[in-house]
Structure formats: structure tokens, C-alpha cells
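Engineer: Got a sequence here, can you build the structure:
(chains A, B, C and D)
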Protein chains: 2
Amino acid sequence: MKEIYDCDLGCPVQNTLQFISGKWKSVILYHIFKNDVLRFSELQAKLPYVSKRMLAKQLSELEADGILDKQIYPVIPVKTEYRVTKLGSSLYPVIEAMEIWGTNYTQIVK
Amino acid sequence: MKEIYDCDLGCPVQNTLQFISGKWKSVILYHIFKNDVLRFSELQAKLPYVSKRMLAKQLSELEADGILDKQIYPVIPVKTEYRVTKLGSSLYPVIEAMEIWGTNYTQIVK
DNA sequence: CCGAATCCCCACAGATACTG
DNA sequence: CAGTATCTGTGGGGATTCGG
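Structural biologist: Residues are numbered from 1 along each chain as shown, chains lettered A, B, ... in the order given. A predicted model of the protein is given here:
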């Protein structure tokens, strides 16, 4: 679990960014929120423009930060599943706000 | 104004990220939301860990994207003011969600 | 005071190949 | 299948300077 670390008192936004500022983290979370559970290959399919290496890095950071939980099934071939932790699920309102804006901003512009 | 550009249909979050994914953009927006209007030097004071060059870049991108409005007063020395546009103000719920989470996550963890 | 221009470097991301 | 390891290049960002 990531250390709790106020990098800028007076700017709580900064604290949130520590967890989701990775280039693809919000998108990964969005997909896992929508699907509850996703395998590595399923995430790859949903993010074809993100390299395997990049995806693995973002996932391991999210896991290290206590946002995601990784289940490994030692079958052959290996199978892994990612889901949100309790802490991760608390980020839902943030992702939801981004989802809403991303859905509606076209109309806002007009 | 930034072209509206769906880089990933089925992931509206991605659209939002186009506008606020810059390293410091959310924090800049947070401070301007709190203060309505901020000068360049005031933003510098609030973000001491961000270089002048970086701050200017983020601000000009936010302006180019139609999120911020820049007022230049051609006095000597020059004075500039940044405030949110209508489009920018529509991002308030997103920043607010990040602010709320950043304020409360310590308790969520426990 | 604000910010653009130039130089420069190294951290980060892609490509590829390898492993349990 | 789900990653790691290594190598390589590129551009993001700091430091500095200049200009309005």
C-alpha cells in the first residue's frame, strides 16, 4: 500500500493525482469498473494502443498503490484477474465524473 | 479550441483525459476554481515545484483547448490573468471529485 | 512581469526476445 | 498466457537567456 503522502497541503487534488496520474490508469480503472473483473489479455484488447510493457507497468503500480487486486491462477497457461480493492472502488466518483464529462462535453461546447 | 476527437469510442474517460491529462492541469484548474482569477505569478507561488517553463506550457495548452481564458493587460510590467471559460467551468465536477477523494482517502484507507 | 527560444540530457516508452 | 529483460531512441522538461 502506498504511503499516504501530502505533497501539497492545500491541494487535495494533488493527493488524488498520486494514484491516478499514470497515463492510462484512469482508463484501466474505467474498464475494470465496467466489467468488475478483467484478465490481462482482456485489458490488452480494450487498450490496443497501449503496449504490453506499459500496461503491465501501470497495473503493477495500481496494485502496489492498493487500488487493484491481482489474482493469479497457477494453471497452465497462467491466468490472472484484476479487480478493484475497497480503496480502488472509492475512486469511482472520480472516474464517473470523467466519464460523464467525456460523454457530454460535445454538447457543452455548443 | 481543441478539435473534438474521440480517440477511443466506448471510453469517454479518454476524451476527458485529452484536456486534463497534462501533469499539472488539474492542479492549475483547482486553484483557479478556488480563486476565480489568478495571475501567472500567483500560480507560480501556488505551484513552487513546477518550473516557469512548464507552467507556461500547461497554461497555453489549457488556453488553446478552450478551458482557460487569458487576459493580458499591456501595462508595464505586463500583467496577465487566467480564469476558466464556460467549457472550463464544466470540468468543475471532475476536479471536485478529485478534491473530495484527496481530502478523504486517508479515512477510506483505514 | 510574462513568456518564448535555445540548448541539452536522461528517463521513459517502444520493439524484441525470453521464461515459468 | 502473463508477464520480465535488455536495448535503443526520442522528446519532455530543466536551466538559462532574451525579448516585449
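
Engineer: and chain A, which residues reach DNA strand C?
Structural biologist: With CB under 7 Å from any atom of the strand as the criterion, chain A meets DNA strand C at residues A:23, A:50, A:51, A:52, A:53, A:54, A:57, A:77, A:78. C-beta: built from backbone N, CA, C; applies to glycine.

Engineer: Pull out the buried members of those residues.
Structural biologist: residue A:50 (16 or more other CB atoms under 10 Å in any protein chain shown).

Engineer: Looking at the residues of chain A next to DNA strand C, spot the one nearest chain B.
Structural biologist: Of all the residues of chain A next to DNA strand C, chain B sits closest to residue A:23, with 7.2 Å by CB to the nearest CB.

Engineer: secondary structure element for that closest one?
Structural biologist: Take DSSP states H and E as the rule and residue A:23 turns out to sit in neither a helix nor a strand.

Engineer: Pull the contacting residues for it.
Structural biologist: A:54, A:58, B:21 (CB atoms under 8 Å, 6 or more residues apart in numbering or on different chains).

Engineer: Name the nearest of the residues you listed relative to DNA strand C.
Structural biologist: DNA strand C lies nearest to residue A:54 out of the contacts of residue A:23, by CB to the nearest atom of the strand, at 3.6 Å.

Engineer: Quick one, grab the pLDDT at the nearest residue to that closest one once chain neighbours are set aside.
Structural biologist: Closest residue to residue A:54 apart from its sequence neighbours, by CB to CB, 6 or more residues apart in numbering or on different chains: residue A:24 at 6.9 Å. On the pLDDT scale, residue A:24 is placed at 95.

Engineer: And for residue A:4?
Structural biologist: In this model, residue A:4 is scored at 50, pLDDT.

Engineer: right, and residue A:90 touches residue B:101 too?
Structural biologist: Yes. With contact defined as CB atoms under 8 Å, residue A:90 counts as touching residue B:101 (6.8 Å).

Engineer: These two: who's more crowded?
Structural biologist: residue B:101 (21 against 18; other CB atoms under 10 Å in any protein chain shown).

Engineer: doesn't the more buried one fall inside a helix?
Structural biologist: Yes. Assessed by DSSP: H, G, I helix; E, B strand; the rest coil, residue B:101 belongs to a helix.
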